[in-house]
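**Student:** The following block contains a protein sequence and its predicted model.
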Amino acid sequence: MSYRPYSYKMVSHWENGVSLPPVEQFLLLCELYKVRDIQGTFRGVNTEFRGMTKLNILGRSRVEEYISLLFENHLFIEPECVCAEYLRKYIRLYDIPVAAGVGSYLDNETHEDFEVDNTVPPDADFAVKVSGDSMEPRFIDGQIIFIKEQQTLNIGDIGVFGLNGDSFVKKLGECELISLNPLYKPIRIHEFDSIHIFGKVIG
């Protein structure tokens, strides 16, 4: 195997973090400084137990400099493994429940930060509590449901709606909001009604 010569300028760039040497030069440097366990050394293992005691001060400093360079480049860093218990996500939980029955107004200002875990859909933007039984058996009174914020829905989607100042969780029908509980009649949407879609129920 042959190696092309490298200028002092290129070596200086390596030493100052401007660029990194090619793999073959890196391996030669490791051989020169007697770095036997390359993976262990450059993953931050205590170098005192990896033959570094055989290097003089200059040799150690060069290896430590190159280790620092590798740590600064994401290509050479193992992805961090963060335990799920330390990952925290908060979404808005509105104080006023949405109705599965008689409507109530969903006030955008009255909410708290609600901590969720990885069982909650990652694209959930906010949460609300269900009030009433008109969406049983899928949603029960007091249940927290999770909403993806969007302004349009397809027929058959279940969403959170504002209708004439009241808020509902219902299934969207043709010009009507439909309850899953057959005891409740659909709520008709008339021509001059004020209706707003807060989002789609996704969990």
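**Tutor:** Perfect, thanks for sending it. Numbers count the residues shown, from 1 in each chain.

**Student:** Regarding the closest residue to Tyr184 other than its chain neighbours, what is its secondary structure?
**Tutor:** Excluding the flanking residues, the one nearest Tyr184 by C-beta to C-beta, 6 or more residues apart in numbering is Ser134, at 4.2 Å. Where you see a C-beta, it was placed from the backbone N, CA and C, and this is true even at glycine. The three-state label for Ser134, taken from DSSP: H, G, I helix; E, B strand; the rest coil, comes out as coil.

**Student:** what do you get for the one 3 residues further on?
**Tutor:** Using three-state DSSP, the structure places Pro137 in coil.

**Student:** Tell me which stretches of the chain form helices.
**Tutor:** Listed in chain order, the helices of the chain (DSSP state H) span residues 8-15, 23-32, 38-42, 57-72.

**Student:** Tell me how many other residues surround Glu72.
**Tutor:** When neighbours are defined as other C-beta atoms under 10 Å, Glu72 has 11 of them.

**Student:** Tell me how far it lies from Tyr66.
**Tutor:** Between Glu72 and Tyr66 the computed distance is 11 Å (C-beta to C-beta, to the nearest Å).

**Student:** Could you do Ile77 as well?
**Tutor:** The gap separating Ile77 from Tyr66 is 14 Å, by C-beta to C-beta.

**Student:** When the two are compared, which one has more neighbours?
**Tutor:** Comparing Ile77 with Tyr66 by other C-beta under 10 Å, the one with more neighbours is Tyr66, at 22 against 13.

**Student:** Report pLDDT for the more buried one.
**Tutor:** Looking at Tyr66, its pLDDT is 78.

**Student:** Repeat that for Asp123.
**Tutor:** 87.

**Student:** right, and it touches Ile202 too?
**Tutor:** Yes - using C-beta atoms under 8 Å as the test, Asp123 is close enough to Ile202 to be in contact (6.8 Å).

**Student:** Compare the two (neighbour count), which wins?
**Tutor:** Neighbour tally, Asp123 and Ile202, criterion other C-beta under 10 Å: the higher count belongs to Ile202, 17 against 13.

**Student:** Contacts only, for Val120.
**Tutor:** With C-beta atoms under 8 Å, 6 or more residues apart in numbering as the criterion, the residues that contact Val120 are 89, 91, 146, 203.

**Student:** mind listing what the first one touches?
**Tutor:** Just to be clear, that refers to Lys89. In this structure, Lys89 makes contact with 115-117, 120, judged by C-beta under 8 Å, 6+ apart.

**Student:** Next, give me the two most distant ones among those residues.
**Tutor:** Glu115 and Val120 (9.7 Å; C-beta to C-beta).
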